[in-house]
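Enquirer: Here's a sequence, model it:
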Amino acid sequence: METVEYDITLTVNDREVKSRVLAETTLLDFLRNTHHIEVKRGCDHGDCGACTVILDDTAVLSCLTSVMQARGKKIYTAKSLGTWDLLHPIQEAFVKHEALQCGFCTPGMLMTAKSFLDKNPNPTREEIRDAIAGNLCRCTGYQKIVDAIEDASKIIAEVCRTGGTT
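Expert: Got it, this is the predicted structure:
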């Protein structure tokens, strides 16, 4: 049986990325193979959330998403959030509340939080817990993560109120 590869173009963190892929290639494999190693390979079964990215404004598990489904779409990874010199408010809040320890779940947790706060800028703590239910963390116990996301929502609201962007 002949292996068929397809040309594919995605926009990752506002940059066009082209490659040749097999139809069964996951978005996770595509991203990691194109040097987006901030997207973590966790369970490969959709159970841990470590591979979460934003695909056209929706948080998705890249290990369960076919790269063919993402053709022509915009993908954002944790590298899209901020820089070392200018962290995104979500990143600032995670640091402030010590909501990251080993860091393995952090990229997926940040992207889940970003997508969630974009849709629900003033969440309750219960809504935050529900939003991150698909992201597993073995180090923090979640309290610090919930605190960080709650704080980030307030920071983002203030930035938006004063005319800034996030």
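
Enquirer: can you map out the strands along the protein?
Expert: Assigned by DSSP state E, the strands in the chain fall at 5-12, 15-22, 52-55, 58-61, 74-76.

Enquirer: now the ones you listed in a markdown table, with distance to Lys96, mean pLDDT and mean neighbour count?
Expert: No exception for glycine: its C-beta is placed from N, CA and C like everyone else's. Formatted as a markdown table, the strands of the chain follow (distance: least, CB to CB, whole Å; pLDDT from 0 to 100; neighbours: other CB atoms under 10 Å):
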| stretch | distance to Lys96 | mean pLDDT | mean neighbour count |
| --- | --- | --- | --- |
| strand 5-12 | 28 | 95 | 15 |
| strand 15-22 | 30 | 95 | 12 |
| strand 52-55 | 22 | 98 | 25 |
| strand 58-61 | 22 | 98 | 20 |
| strand 74-76 | 23 | 98 | 20 |
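
Enquirer: Show me what counts as buried in the longest helix along the chain.
Expert: Across the chain, the longest stretch assigned as helix under DSSP state H is helix 143-161. Residues Lys144, Ile145, Val146, Asp147, Ala148, Ile149, Glu150, Asp151, Ala152, Ser153, Ile155, Ile156 are the ones in helix 143-161 that count as buried (16 or more other CB atoms under 10 Å).

Enquirer: mind checking which helix or strand of the protein has the lowest mean pLDDT?
Expert: None of the helices or strands of the chain scores lower by mean pLDDT, DSSP states H and E than helix 143-161, at a mean of 91.
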